[in-house]
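Enquirer: Got a sequence here, can you model it:
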Amino acid sequence: MTTEAAAKGNSDPYLALGLRPFINCCSVRTIHGGSLMLPSVRAAVAAASQRFVNLDELMEAAGARIAELTGAEWGMVTCGSAAALALATAGCVAGNDPAAMLRLPFTDGMANRVLIMRGHRFAYDQAIRMAGTHMVECDDEAALVAALEAGNVAMICVLGKTEDKSPVRLERIVELARPQNVPILVDAASELIEKPSPWLTRGADLVVYSGGKFLRGPQTSGLLLGKKALVKAAWHNASPHHAFGRPMKVSKEDVIGLVAALEYWFGERDSAAEEQRWSDDLATIAKALQGLDGIETTVVAPRWTVRVPSLMISWDETRYGITNEGLRQRLLDGEPRIMLDDMASVTTNSLRIEPFNLQPGEARMVGLAISRAFQSAARLAQPHAVAPALDVSGEWELDVRFLKGGRRHRVTLEQQGTDVTGRQESNGFSGGVQGQVSASVVRLIFDGEHEGSTIFYTLEGEAAPSRMTGTVLFGAANGTNRGVLNLRQHGSGTWEARRPG
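Expert: Purely as a prediction, here's the structure:
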């Protein structure tokens, strides 16, 4: 524990629980706490926590103020942006009809199909499906037209960050959907909010933003903007009302906190000063690595509507003998503890530094820590002998044990040197296999597409000629978030494999 941490003692709630907080180089990921609330938001939340108010009256007043601030017809605070997706869907399916609302998620006989272009599937569309809808993927305009003509369409979903690459752009989707009165929802949760929202001005009916990311409102808040009737229908499906969304409780503190965040965003915020601070922080980190041979740093321009630059760091693996995962772990184990983003790395020997959450003075600490880690890795990068690999080619029956229950997989493996490829089949999860065997140590990765995500098992253990056994990590991710954390986000289990017969 550092001197500063010791001085704080149990006044720091994380230290009191035995945790080590970290410097956040990972932008605004929920798993790392999103962002830090603005001082004005913290003050608003504290003030709201000291009085009582009726939540319907509060949301009515907050909705009107959000409309003024954003230029939308109406706005609603939710308990996170995924909840906004679920509640928007419920509103589009059931409106505020109690007989329909109280049936959700059982939607037989109701409009329950959600259309989405194939390239727009994303990990969070389970929030849409949980309302009892079925995702219908469309490859092109003809498929979208046919799906609309088939009827029973509750809404069309658009993923904001991939819309510019879509074979059917939003304006054309609007033209096709309007005659049939089908609402269009845009997920823009990871984007910076603008006034007015470009998605609404381009014709969408609803748009979702995160409240606890770039807005720096309460971490558990989300924002649903759009047509007043649809947003209010979503609210009637939400807590505190006895309906589908009753478990998705949003507090009076979160409502007030997010309104305060919007007040700051569209009022006091100095975007030029923020951009300068981010650039200065990246320059500080790059400067700390200038004297190291075989390391390159490049400032990467902002992507999509997220106007935050990042720093790409790449290195010569033969010189330093460390992967991005290894570097990440070293900095997590160090002091100060530093969290590098595991999702933004493009190769095993590169990573990005995201400056949005860096606090004053932290950029210098990050640069020095990365420099020390590379220097230490260079001293340890010595060649070593590798024992011959055991041959695991052939058929296997592999049993996986979860926290509750298990699943049997039939696995076929092929091995070339230490590299392993193959196929696995089970009831509910099938797909490819890849991995390595080094001496008697085996590491296999199972993957298979499921809805908007890919399921992953990472199996590690000991191998013998007729038996393998070890531990397995469970995860799920889509194409843009296949990092270490997501590949193990669903916990762990055990596995055992035997050759049949």
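
Enquirer: pLDDT below threshold where in this structure?
Expert: For the chain, the stretches flagged by pLDDT under 70 are 1-10, 303-306, 344-346, 379-388, 479-482.

Enquirer: How is it partitioned into domains?
Expert: Here the domain parsing of the chain from automatic domain parsing is 39-264, 274-380, 394-498.

Enquirer: Go ahead and name everything in contact with stretch 181-188.
Expert: With contact meaning C-beta atoms under 8 Å, 6 or more residues apart in numbering, stretch 181-188 is reached by 81, 85, 88-89, 92, 115, 122, 124, 148, 153-161, 163, 170, 173-174, 177, 197, 199, 203-209, 227, 230, 305. The C-beta positions use only the backbone N, C-alpha and C, and glycine is treated the same way.

Enquirer: Give me the subset of those residues lying in helices.
Expert: 81, 85, 88, 89, 92, 148, 170, 173, 174, 177, 199, 230 (DSSP state H).

Enquirer: Which residues are in contact with the fourth one?
Expert: What it means is residue 89. Here residue 89 is in contact with 114, 127, 128, 131, 133, 154, 155, 185 (criterion: C-beta under 8 Å, 6+ apart).

Enquirer: hmm, 7 Å instead?
Expert: 114, 128, 131, 133, 154, 155 (C-beta atoms under 7 Å, 6 or more residues apart in numbering).

Enquirer: Name the SS class of the residue lying closest to it once chain neighbours are set aside, please.
Expert: Excluding the flanking residues, the one nearest residue 89 by C-beta to C-beta, 6 or more residues apart in numbering is residue 131, at 4.3 Å. Put simply, residue 131 is coil when judged by DSSP: H, G, I helix; E, B strand; the rest coil.

Enquirer: In this structure residue 131 contacts residue 93, no?
Expert: Yes: between residue 131 and residue 93 there is a contact at 5.9 Å, judged by C-beta atoms under 7 Å.

Enquirer: you'd agree residue 20 is in a helix?
Expert: No: counting by three-state DSSP, residue 20 is not part of a helix but coil.

Enquirer: which ones are touching it?
Expert: residue 337.

Enquirer: From residue 370, how far out is it?
Expert: Plainly put, residue 20 is 18 Å away from residue 370 if you go by C-beta to C-beta, to the nearest Å.

Enquirer: Residue 366 touches residue 340, doesn't it?
Expert: No: taking C-beta under 7 Å as the definition, residue 366 is not a contact partner of residue 340, at 8.8 Å.

Enquirer: Between these two, which contacts overlap?
Expert: Common neighbours of residue 366 and residue 340, using C-beta under 7 Å, 6+ apart, are residue 25.

Enquirer: higher neighbour count, the two?
Expert: residue 340 (27 against 24; other C-beta atoms under 10 Å).

Enquirer: Verify the stated contact: that one with residue 332.
Expert: No: when contacts are counted by C-beta under 7 Å, residue 340 is not listed as touching residue 332 (8.1 Å).

Enquirer: Strands of the stretch 251-400 of the chain, residue ranges please.
Expert: 295-300, 310-315, 338-340, 350-353, 394-401 (DSSP state E, counting those that start in this stretch).

Enquirer: would TSV of the ones you listed with distance to residue 485 be doable?
Expert: Converted to TSV, these look like this (distance: least, C-beta to C-beta, whole Å):
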stretch	distance to residue 485
strand 295-300	21
strand 310-315	18
strand 338-340	10
strand 350-353	14
strand 394-401	21
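
Enquirer: Which of the domains of the chain sits closest to residue 26?
Expert: Nearest of the domains of the chain to residue 26, taken as C-beta to C-beta: domain 274-380 at 4.0 Å.

Enquirer: how far is the closest one from where the chain is centred?
Expert: Offset of domain 274-380 from its chain centre (C-alpha atoms, centre = their mean, to the nearest Å): 21 Å.

Enquirer: Ok, stretch 60-75 next?
Expert: The answer for stretch 60-75 is 27 Å, by C-alpha atoms, centre = their mean.

Enquirer: List the buried residues for that stretch?
Expert: Neighbour-count burial for stretch 60-75 flags 62, 63, 66, 67, 69, 70, 71, 72, 73, 74, 75 (criterion: 16 or more other C-beta atoms under 10 Å).

Enquirer: Next up, the contacts around the nearest residue to the third one once chain neighbours are set aside.
Expert: Put plainly, it is residue 66. Among residues not flanking residue 66 along the chain, residue 75 sits closest, at 2.9 Å (C-beta to C-beta, 6+ apart). Contact analysis of residue 75 by C-beta under 7 Å, 6+ apart lists 63, 66, 67, 223, 224, 225, 231.

Enquirer: again, 8 Å this time
Expert: With C-beta under 8 Å, 6+ apart, residue 75 has these contacts: 62, 63, 66, 67, 69, 223, 224, 225, 231.

Enquirer: isn't the last one right next to residue 91, touching?
Expert: Yes: here residue 231 lies in contact with residue 91, judged by C-beta atoms under 8 Å, at a distance of 7.5 Å.

Enquirer: These two: which has the busier surroundings?
Expert: Between residue 231 and residue 91, residue 91 has the larger neighbour count (other C-beta under 10 Å), namely 33 against 26.

Enquirer: And the residue lying closest to residue 26 once chain neighbours are set aside, its phi and psi?
Expert: Nearest non-adjacent residue to residue 26, counting by C-beta to C-beta, 6+ apart: residue 341, 4.0 Å away. Main-chain dihedrals, residue 341, degrees, to the nearest 10: phi -70, psi 130.

Enquirer: count of residues packed around residue 341?
Expert: 22.

Enquirer: measure residue 199 to residue 173 for me?
Expert: In terms of C-beta to C-beta, residue 199 sits 11 Å off from residue 173.

Enquirer: residue contacts, the nearest residue to residue 437 once chain neighbours are set aside?
Expert: Sequence neighbours aside, residue 389 is the residue nearest to residue 437 in space, at 4.2 Å (criterion: C-beta to C-beta, 6+ apart). Contact analysis of residue 389 by C-beta under 8 Å, 6+ apart lists 415, 417, 418, 436, 437, 438, 439.

Enquirer: how close does the second one sit to residue 437?
Expert: In other words, residue 417. The separation that residue 417 has from residue 437, given C-beta to C-beta, amounts to 9 Å.

Enquirer: same deal with residue 452?
Expert: Distance, residue 452 to residue 437, using C-beta to C-beta: 33 Å.

Enquirer: got it, and residue 96?
Expert: With C-beta to C-beta as the criterion, residue 96 and residue 437 are 59 Å apart.

Enquirer: When those two are compared, which one has more neighbours?
Expert: Set side by side, residue 96 and residue 437 show more neighbours around residue 437, with 23 against 16, by other C-beta under 10 Å.

Enquirer: Okay, and that one sits in which element?
Expert: strand 431-438 (DSSP states H and E).

Enquirer: Skip ahead from that strand and say which helix or strand is next.
Expert: strand 441-450.
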